[in-house]
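**Student:** sequence and predicted model, in that order:
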Amino acid sequence: MATLKKRILQNISQAETISETTSQEPPITAIATLILDNKTRSIPTSAHKVRVVEYKTTYRRFTEFIKRLKTLKTLREYNEILAELTDRLVLYRNCIDDCAAILVQHLLDATDPLIQTAFLNTLKIVEQQYPTSSIKHSNELLNLGKQTKSIKVASALLSYFSILPMSSPVDKNALARFAIQYSTNTHVRIQLCAFKLLSTLGRVSDLEASLKTSIINKLLQAIEHDDARVRAEALRAMVDLFKCKVGLNSSYYSSFVECLQDYYAEVRLAACEALFLLGINTPDSIVPLGLSTDESSKLINEVFRLICDLTNDEAKIVRVQAMKMIGKLCRSGVDINLIHQTLDKKLLRITKKKAFIAKVEQLDSETDDITVHDVTVDAQSASITAIGPCGALISGLEDEYSDVRAAAIESCYEISCCYDAFQSKLVEYIVSMFDDDIEHVRLLAMRTLGKIARGRVLSGEQVLSILTELLSRSYDIRSALHDILRVVRIGDPDTLFKLFHRLVENIQRFKTDTYSVLRCLRELGQNNSAFIALLLPKLLPMHSYLDVQEPQFSKIDHTCALILVLNAALHHPSIVAVLPDYVFRHYRYLRTKEPELTPNLQTNFSDVKFEIDASLPITIPSSHDAFERILKLSEQSQDLHANDRQKFYRNLAAELHKVAEMDVDLLAISECISLYYEVLAIITYQCNTRTCLKALSICKRLLTMFHGYSEKQLLLFQELHLYCHLFLISIQTKLSTNARQRCYKHIQWQREQLKNAGEQQQQQQQEMDEKLLHTNLISYAQQYISVMSKNILSNKTNMFKANNLIKMVSVTFLEPESNIEHVLEFLPGLSVSIPCLMNGKNLSRQQNINIKVTYLDGQYCLLPINDDNIRTLAEDNSLRIDSKVTFSHQHWLRPCYATFSVVLFPLRSQCFVMDINDEFVEITRPIRVLLHPKYLRHRLRKKHSIDEQSTMSATTVEQLDIAEDDNDEPETEWLDEAGVDEEETGHMDDDESEMDTSQDDEQVEYVERRKTPDSDEDEEMSY
């Protein structure tokens, strides 16, 4: 230790930081490191010049980086080391300020402009990832910019200054003058960087007013630049200033209008945004003279006409932006007549005819050869504006690009929110978009209709568009249609009856839509009660004089009809008088099971047939009573024999499963106690190795899938988990090293959890012999079982109440919801994937959730689900997960089955796990899919072509026999079986079976030579 201290002091004395010169600042490149032990805390007298830091790998890596920088000479070497720094920048996060200082120092010392540019680009990346790390050096860099003559260095400096936060203590006025100086440079690259910096500085509040005026003037001058990139960047800078309400002036209107005729699409797009901001911020301004035919027109109306003109622009990005702005301008006070013109196709046709007539009149010769048919324009139509608004939204809804159509739908929603007079026409246009080819356009149209069509009547043709999409494979589309049907009314009873059958078919095909469809039927019954009264004989089996056979309540079509009819009876009293007797019996059960879907008819109709008491609350008393009764009944378990107690626990678990199915509010607590009873039933009587492993998996499920336990409840399940583990050890005769190590760690982990336990647990732990733990683990486990069995096996359900805040994690596959019937084909060596849609409830961000893909040979892989795949649902506070399942296997040369499911990893603080990467709980049912190689079809086609040949030589037969003997491997069977399976599936797409690579052709030829012994004998006999 003394030698180490001497070396440290010797290094300190030789360091550059302990320089005696006080006139200059100490160099930044040298950093001394002191290591202080616990015994000696003395610090040298020169410690005020030395940075005392903790010795870490980060600083050692940083010093090595400094040493390497001193030895570099060429640009290539500098680029390599700087690229390495940016790739591993996270490793230098503890000394990021020192990194920035070193980069600035070497930047100022360098003379080559290319090397300076490399340092500036690296400094920019450092500033983007770690803001304010290099702000204190901004003045030095600004002085470098004033002195440099290199174009690349100047542009890199301007780009670096544009990313600095404006709240930093930097001289903004000096930066603005620096940017204005370079904005008139002849090089386009420098001008673009200067305009980006000016747009940032122009929004600063403490900038001088004269400089703001100079910035706006420079940008206006750049709008007329010869280079289109400069014009576009200048307009974008003006847009950024207008968003902060800086420089807004209607006098710039003429300059922006001229830019709308530019040949460059980016210029037109930026000019459109500038006009939009000018219109919504100064709507009542007067248009400059000579730029409008109507002198009294407001600025916002003229801007609206110009933006409507851009809906016919040749560039897609311009049309999309113009479509979005139409709806936003309508909220700012555009004339209602102009809005009406955007929705009228007739005005568009009249305008086109007027333009055609004007062209015909300008022709000087051969006018007789041109005839105009049915062109009639009256005096009123002649005053209609011939530009812009005429049919703008209609043309957007019919555009060839889906983004333009989606933007037009959004504008339709904006208009409907402002003007109720256009809602009926907008509903018609939006329903027509249900037949769009692109799914996201259809989905947007459906969601928009659900927002604006509340209380409106849909005609039969409009409902037919909905019927065709109710069986779509997209869950989002079906859910959006259900939302529409909940808020609209149907125009005629026949259409309502067709809709009812289609909704029943929707439930039968997609089980996950059951609750959504039942809610839809509830609203349909309340909104269309008059039509349902007419359809009553078709919906329910009934007769005026005779008794009819009572339908089975388990059938989903009868349940749907009951919900529809009972909700209609709430608003139509005559329905109750004609209902058959079995409806009232079914009503009582349905009211108890689904109180949210079934109305309370007792409060509205005083009829003896109902035979029920007061209205049932949302929380079902019967389910809560059953839950409390089961908990009280469980107290009698201690008086039973072990065999009877085991049966008793299993019966209690089955009853709690039924309670969980009855009430969603009691689902988590009922399932939790039910699993607890299952574990007690296993370890109470005749527990063997197989059942003990099952009990261990249930304990891990209790500690993984459920959260919200109290401290006592969590400790109960943790002790039960350790008890099952030691019970498994106690019934073994020989233990492996891995089993011993796992048991030791579990005991140690449990003791850390028991530090805050009660006196009883600590006393019981002290009664056990600690020597056995390290000498004979099996004897220790047997002693632990005998000591702790009375405490663990005693029923402790008195800790649980119905109002406990216990939540259960659940994930449900929406798409696909069952085994995939069609075959997934792949090319050997490549992977194949399918999309999947899931709905998760009570997921915690602390737990990892993955998709597990398992193959036939037992191998599996885990596909993580990131936050990007998760979006929040506002309806039931659950999470919608959009992901995909990728299948990739190293033995992929034959057809095979694979399954995938969702697995959840436990938390180390709640459940003991040996390896967090290998221990997880499967929380969904596995879904199976058949994977099939494509090249086998090519082999079958080649085989048929060989069989059609006239003869085969004897030498060929011998070669085939030799090849068969040489290649007699187990793979022969599954190759022929794969061919037979493919013939049965019937997937014989010749186009897809063609393979372009020579490697695949060699595989096909190799597979062709492989035959079964039976087929070879048949060929020899025929020969």
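**Tutor:** Good, I have the coordinates.
**Student:** use CA for all of it now, contacts and neighbours both
**Tutor:** Fine.
**Student:** ok, residue 657 touching residue 668?
**Tutor:** No. Judged on C-alpha atoms under 8 Å, residue 657 makes no contact with residue 668 at a distance of 10.4 Å.
**Student:** who has more neighbours out of those two?
**Tutor:** Neighbour totals were compared for residue 657 and residue 668, and residue 668 leads with 23 against 18 (other C-alpha atoms under 10 Å).
**Student:** residue 820 falls within a strand, correct?
**Tutor:** No. Looking at residue 820 with DSSP: H, G, I helix; E, B strand; the rest coil, it is coil, so not inside a strand.
**Student:** that one: what's it in contact with?
**Tutor:** By C-alpha atoms under 8 Å, 6 or more residues apart in numbering, residue 820 lies in contact with 927-930.
**Student:** of the residues you listed, just say which sits nearest to residue 438.
**Tutor:** residue 929 (27.1 Å; C-alpha to C-alpha).
**Student:** list phi and psi for the closest one.
**Tutor:** Backbone torsions of residue 929, given as degrees, to the nearest 10, read phi -140, psi 140.
**Student:** residue numbering should commence at 589 henceforth.
**Tutor:** Shifting the count to begin at 589 puts that one at residue 1517.
**Student:** that one contacts residue 1486, correct?
**Tutor:** Yes. Between residue 1517 and residue 1486 there is a contact under C-alpha under 8 Å: 5.5 Å.
**Student:** any regions of the protein where pLDDT drops low?
**Tutor:** 589-647, 876-884, 933-976, 1190-1210, 1344-1357, 1459-1465, 1477-1481, 1505, 1523-1611 (pLDDT under 70).
**Student:** okay, now the sheet partners of the host helix or strand of residue 1449, with direction.
**Tutor:** In this structure, residue 1449 sits in strand 1448-1452 according to DSSP states H and E. In the sheet, strand 1448-1452 lines up against strand 1437-1443 (antiparallel) (DSSP bridges).
**Student:** if we look at the partner strand, which residues are touching it?
**Tutor:** With C-alpha under 8 Å, 6+ apart, strand 1437-1443 has contacts from 1448-1453, 1473, 1475, 1484-1493.
**Student:** how about a cut-off of 7 Å?
**Tutor:** Under the criterion C-alpha atoms under 7 Å, 6 or more residues apart in numbering, residues 1448-1453, 1485-1493 lie in contact with strand 1437-1443.
**Student:** kindly report the same for stretch 1129-1145.
**Tutor:** Under C-alpha under 7 Å, 6+ apart, the answer for stretch 1129-1145 is 1092, 1147, 1168, 1170.
**Student:** okay, now the last one: neighbour count?
**Tutor:** Spelled out, it's residue 1170. Using other C-alpha under 10 Å, residue 1170 has 12 other residues around it.
**Student:** repeat for the second one
**Tutor:** Residue 1147 has 19 neighbours, counted by other C-alpha under 10 Å.
**Student:** same check on the third one?
**Tutor:** For residue 1168, the neighbour count with other C-alpha under 10 Å is 17.
**Student:** for it, what are its contacts?
**Tutor:** residue 1130 are the contacts of residue 1168 under C-alpha under 7 Å, 6+ apart.
**Student:** could you redo the last one with a cut-off of 10 Å?
**Tutor:** Listed by C-alpha atoms under 10 Å, 6 or more residues apart in numbering, the contact partners of residue 1168 are 1128-1132, 1135-1136, 1138.
**Student:** next: the second one.
**Tutor:** If a contact means C-alpha under 10 Å, 6+ apart, then residue 1147 has 1092, 1106, 1139-1141, 1153, 1174-1175, 1178 as its contacts.
**Student:** same thing but at 8 Å, please
**Tutor:** residue 1141.
**Student:** quick check, distance from the strand holding residue 1449 to the centre of its chain.
**Tutor:** Offset of strand 1448-1452 from its chain centre (C-alpha atoms, centre = their mean, to the nearest Å): 18 Å.
**Student:** pull the CA atoms of that strand into PDB?
**Tutor:** Provided in PDB are the C-alpha atoms of strand 1448-1452 (Å, rounded to 0.1, in the frame of the first residue of the first chain):
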ATOM      1  CA  TYR A1448     -38.000 -22.300 -28.300                       C
ATOM      2  CA  CYS A1449     -37.200 -18.600 -28.700                       C
ATOM      3  CA  LEU A1450     -38.500 -15.500 -27.000                       C
ATOM      4  CA  LEU A1451     -39.600 -12.500 -29.000                       C
ATOM      5  CA  PRO A1452     -39.700  -9.300 -26.800                       C
END
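**Student:** quick one: contacts of that strand?
**Tutor:** Strand 1448-1452 has contacts (C-alpha under 8 Å, 6+ apart) with 1436-1442, 1473-1474.
**Student:** which of the residues you listed tops the neighbour count?
**Tutor:** residue 1437 (24 neighbours).
**Student:** ok, what's across the strand from it?
**Tutor:** residue 1492.
**Student:** and it, how close does it get to residue 1398?
**Tutor:** The gap separating residue 1437 from residue 1398 is 11 Å, by C-alpha to C-alpha, to the nearest Å.
**Student:** nearest residue to the middle of this structure?
**Tutor:** Closest to where the C-alpha atoms of the chain average out (C-alpha atoms, centre = their mean) is residue 1457, at 2.7 Å.
**Student:** helix, strand, or coil at the nearest residue to that one once chain neighbours are set aside?
**Tutor:** Distances taken as C-alpha to C-alpha, 6 or more residues apart in numbering put residue 1470 closest to residue 1457, at 5.0 Å, once the chain neighbours are dropped. For residue 1470, the secondary-structure state derived from three-state DSSP is strand.
**Student:** ok, residue 1470 - contacts?
**Tutor:** Going by C-alpha under 8 Å, 6+ apart, residue 1470 touches 1423-1426, 1457-1458.
**Student:** domain map for this protein?
**Tutor:** Annotated domains of the chain cover 836-946+974-1041, 1042-1066+1079-1189, 1212-1343+1363-1382, 1397-1521 [the TED database].
**Student:** which of those sits most buried?
**Tutor:** Among the domains of the chain, domain 836-946+974-1041 has the highest mean neighbour count (mean count of other C-alpha atoms under 10 Å), at a mean of 19.
**Student:** how far off centre is it?
**Tutor:** 32 Å.
**Student:** quick check: the residue nearest to residue 1457 vs residue 1063, distance?
**Tutor:** 11 Å.
**Student:** shouldn't residue 1032 be in contact with residue 997?
**Tutor:** Yes. The criterion here is C-alpha under 8 Å, and residue 1032 meets it with residue 997 at 7.5 Å.
**Student:** thinking again about what came up before, ok, the residue nearest to the centre of the chain to residue 653 distance?
**Tutor:** Noted for residue 1457: a distance of 39 Å to residue 653, by C-alpha to C-alpha.
**Student:** do residue 1125 as well
**Tutor:** From residue 1125 to residue 653 the distance is 86 Å (C-alpha to C-alpha).
**Student:** how about residue 813?
**Tutor:** Distance, residue 813 to residue 653, using C-alpha to C-alpha: 46 Å.
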